[in-house]
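**Q** Have a look; sequence and predicted model below, questions after that.
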Amino acid sequence: MSWFIKKRQQKTAVEERTVRVPEGLWVKCEACRELIYRAELANTRNVCPKCGYHFRIGVAERLESMMDPGSVELFGNLRSGDPLGFVATKPYKDQLKRLHEAGHDHDAVLVVEGTLKGHPVVLAIMDWDFLAASMGSVVGEKLRLGAERALAQGCAYIIVSCSGGARMQEGTLSLMQMAKVSAALARLDDAGIPYLSILTDPTTGGVSASHAMLGDLNIAEPKALIGFAGPRVIEQTIKQTLPEGFQRSEFLQAHGMVDKVVPRDRLRDFVATALDWMTGGHD
């Protein structure tokens, strides 16, 4: 009856395998704390598919999402200097050198000329990755020149703002940009040329106190932080607890500071429709 006897097979040592998950495949949402597959996030223009949280995006992605192909960069030769010889924890000139070597040749704002769904526009996009999109002399000059270009071409001017405020490394010169850009925008208003301001997270300090809130139409992305001083500073100053959602897009829209809160995937269409009405191109 030996055929009923199960033969024992010799076991061979199996090498223990460790499965390594490549870094960067998953991103944790800062709002709902859910893990999101990075490829899925790329398909939603960096908006959380579970809760709608808008992640910050770079200049290149913003440009691609807004403009038709074929935009031309303007004023790309301007570079920040170090007029004060500013040195704190790091010399300012060394910070600028490293950023330019990393490919940030447009300083903290990229200005382009092109079309948005057929509408000729001048578009300026502030770059958070360049010193928190702080407004120094070059940023102010490029924004002014952008307004002058829109005036000369008779086309709409759009600024996509995100910033930590004025650039402290340039002192008073940085603060002067607020008045300079505002004056240039006033010329557009006198000529009846539309200026649209798009506010993204975060838009604070001297930027929110100048061009960011001067649009003929002020548009904000959902849940964007928009204000001058931070909530903690305000609470410490007034000795009061701030309302829920204070300084967020929806709160500002409810109180008349923002005209419309528009999700990122609808922003291009919304701006094009607004330009139809503002330039008399509607039926």
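**A** Yep, that arrived.
**Q** Output the contacting helices and strands for the longest helix seen in the chain.
**A** In the chain, with assignment by DSSP state H, the single longest helix is helix 171-191. Judged by 3 or more CB pairs under 8 Å, 6 or more residues apart in numbering; DSSP states H and E, the packing partners of helix 171-191 are helix 137-153, strand 195-203, helix 205-208. (Glycine included, C-beta is placed from N, CA and C.)
**Q** any idea of the mean pLDDT for the first one?
**A** pLDDT averaged over helix 137-153 equals 97, rounded to a whole number.
**Q** ditto for the shortest one
**A** Confidence over helix 205-208 (mean pLDDT, whole number) is 94.
**Q** Kindly format the C-alpha coordinates of that helix as CSV.
**A** In CSV, the C-alpha atoms belonging to helix 205-208 read as follows (Å, rounded to 0.1, in the frame of the first residue of the first chain):
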residue,chain,number,x,y,z
GLY,A,205,0.8,90.8,2.8
GLY,A,206,1.6,93.6,0.4
VAL,A,207,0.3,91.7,-2.6
SER,A,208,-3.2,91.3,-1.1
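**Q** For it, which outside residues touch it?
**A** Applying CB atoms under 8 Å, 6 or more residues apart in numbering, the external contacts of helix 205-208 come out as 126, 133, 135, 161, 163-166, 174-175, 177-178, 199, 226-228.
**Q** nearest to residue 71, of these?
**A** residue 126 (16.1 Å; CB to CB).
**Q** ok, the closest residue to the closest one other than its chain neighbours - contacts?
**A** Spatially, and ignoring its direct neighbours in sequence, residue 126 is nearest to residue 133 (4.2 Å; CB to CB, 6 or more residues apart in numbering). By CB under 8 Å, 6+ apart, the contact list for residue 133 reads 108, 109, 126, 127, 139, 161, 162, 163, 164, 207.
**Q** Could you turn the buried ones of these into a ChimeraX selection?
**A** A single ChimeraX command selects the buried members of the contacts of residue 133 (16 or more other CB atoms under 10 Å):
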select :108,109,126,127,139,161,162,163,164,207
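**Q** would you say residue 115 is within a helix?
**A** No - assessed with DSSP: H, G, I helix; E, B strand; the rest coil, residue 115 is strand; it does not lie in a helix.
**Q** Just give the number of residues close to the spatially closest residue to it that is not a sequence neighbour.
**A** Leaving aside its chain neighbours, residue 115 sits nearest to residue 68 (4.6 Å; criterion: CB to CB, 6+ apart). Residue 68: 13 surrounding residues under other CB atoms under 10 Å.
**Q** how close does residue 68 sit to residue 116?
**A** Using CB to CB, to the nearest Å, residue 68 is found at 7 Å from residue 116.
**Q** returning to that earlier point: can you list the contacts of residue 133 in a markdown table and add secondary structure and distance to residue 80?
**A** Below are the contacts of residue 133 laid out as a markdown table (DSSP: H, G, I helix; E, B strand; the rest coil; distance: CB to CB, whole Å):
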| residue | secondary structure | distance to residue 80 |
| --- | --- | --- |
| 108 | coil | 8 |
| 109 | strand | 11 |
| 126 | strand | 14 |
| 127 | coil | 12 |
| 139 | helix | 8 |
| 161 | strand | 18 |
| 162 | strand | 18 |
| 163 | strand | 15 |
| 164 | coil | 15 |
| 207 | helix | 16 |
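**Q** All set, thanks.
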